[in-house]
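Visitor: Would you be able to build a 3D model of this:
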Amino acid sequence: MQQKNITVNGTAISQFDFINAMQSYSMELYRKTADQLSAEEIEQVQGLAVEQIVARELIFQTALAEGTIANDEQIKAEMQKVMANFPSEEEFFATLKKAGIDEDSYYRMLRQDLSVKMMTEKKLAGAPSPAAEEIKAFYDEHPDQMKKPGQVRASHILIKVTEDNREQAQQKIEALKKEVTGDAAQFGDLARQHSACPSKEKGGDLGFFGPGAMVKEFDQAAFSLAPGQISDIVETQFGFHLILVTERKDSEALEFEEVAPQIESFIKDQKGAILLQAWVEEMKEKAEIDIA
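Guide: Numbers count the residues shown, from 1 in each chain. Prediction:
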């Protein structure tokens with residue numbers, strides 16, 4: 001992965017922060033790690049990562065100047081929340097150490113994250129709330145978006161692929177393709193016997209999901225099938241899949257009262273994003289930013 005050397009008003013951005021931002025956007029946009037991206041994808045993700053970490057540093061520097069800084073109590077409370085996801089405190093710090101982060105560095109990272117959040121919330125407090133007429137106008141002008149998306153319920157069989165077993169995996173999935181039928185019980189039995197996905201315990205059943213919930217290749221295949229249909233062999237970053245759609249739910253129109261709170265929040269978020277972007281651009285104009 002090509003790294004960037006970034007300095008904002010004399011403060012160097014760590015490569016750790018840059019790589020973290022790259023990985024975050026890689027998963028968000030493409031559901032892939034950064035080392036799996038194409039050259040074109042890397043260029044896009046890299047640009048977004050640079051924008052994010054420069055903006056973050058500028059906001060933090062403003063927070064420092066204004067005294068909007070997270071205190072020890074807030075930082076320790078946040079650390080406890082993160083630690084709760086680990087079996088023990090020792091394992092948490094061991095994981096940090098493996099990533100090359102000591103306790104003091106992690107404390108400083110949390111301090112910056114919380115301070116940036118506090119400074120951003122302070123700025124967003126000035127974002128105007130939309131009027132009732134604006135909310136209703138948005139609902140009337142976007143009928144295609146005022147629907148509950150359709151969903152499918154699907155089961156799958158996953159055969160994992162590695163550099164060493166690709167040929168054997170291909171043969172296995174092709175043999176299973178010949179064996180499966182549209183019968184959910186038979187498909188479930190084969191999933192329990194052969195699938196490498198944890199869903200095998202439920203006969204491969206993934207439940208209902210909407211568009212975009214799965215990786216692109218899987219998503220496209222599942223939504224192209226009618227109940228009882230089985231896909232061709234689908235390859236994703238996880239391996240080879242056979243997909244059986246068992247049920248479908250059509251999209252449904254939503255009443256204004258159902259979505260008014262979400263529309264209000266969306267419009268306010270939009271206005272807030274515009275406000276923040278203008279604020280960051282204003283800070284950029286006054287800042288010394290070097291990217292190499």
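Visitor: Please enumerate the helices of the stretch 51-200 of the chain.
Guide: Shown for the stretch 51-200 of the chain, the helices assigned by DSSP state H, counting those that start in this stretch span residues 72-83, 89-98, 103-124, 132-141, 166-179, 184-194.
Visitor: Which one of the ones you listed lies nearest to Gln237?
Guide: Each of the helices of the stretch 51-200 of the chain was scored for nearness to Gln237 using CB to CB, and the closest is helix 166-179 (13.6 Å). Any C-beta I mention is one placed from the backbone N, CA and C, and that applies to glycine too.
Visitor: Could you give the number of residues near the residue nearest to Ala70 when sequence neighbours are not counted?
Guide: Nearest-residue entry for Ala70: Leu114, 3.6 Å, with adjacent residues in sequence omitted and distances by CB to CB, 6 or more residues apart in numbering. Counted by other CB atoms under 10 Å, the residues lying close to Leu114 total 18.
Visitor: Could you tell me the per-residue confidence at Leu114?
Guide: pLDDT recorded at Leu114 is 96.
Visitor: distance of it from Ala12?
Guide: 21 Å (CB to CB, to the nearest Å).
Visitor: Of all the helix elements in this structure, which one is longest?
Guide: helix 256-286 (DSSP state H).
Visitor: any idea which helix or strand comes after that helix?
Guide: strand 289-291 (DSSP states H and E).
Visitor: Just list what that next one packs against, helices and strands only.
Guide: strand 6-8, helix 39-66 (3 or more CB pairs under 8 Å, 6 or more residues apart in numbering; DSSP states H and E).
Visitor: thinking Asp189 is in contact with Gly203, fair?
Guide: Yes - using CB atoms under 8 Å, Asp189 and Gly203 qualify as a contacting pair, with a distance of 7.1 Å.
Visitor: the more surrounded of the two?
Guide: More neighbours surround Gly203 than the other of Asp189 and Gly203, with 19 against 14 (other CB under 10 Å).
Visitor: The more buried one and Ile157 touch, don't they?
Guide: No - Gly203 is beyond contact range of Ile157, at 9.7 Å (criterion: CB under 8 Å).
Visitor: which residues do the two both contact?
Guide: Taking CB atoms under 8 Å, 6 or more residues apart in numbering as the contact rule, Gly203 and Ile157 both touch 187, 191.
Visitor: distance of Gly272 from Ser231?
Guide: 41 Å.
Visitor: can you check Ala253 too?
Guide: In this view, Ala253 and Ser231 are 29 Å apart by CB to CB.
Visitor: for Leu190, same thing?
Guide: Look at Leu190 and Ser231: by CB to CB, they are 14 Å apart.
Visitor: Same question for Ser14.
Guide: Distance from Ser14 to Ser231, by CB to CB: 44 Å.
Visitor: So these two - more neighbours on which side?
Guide: A direct count of neighbours by other CB under 10 Å for Ser14 and Ser231 places Ser231 higher, at 20 against 12.
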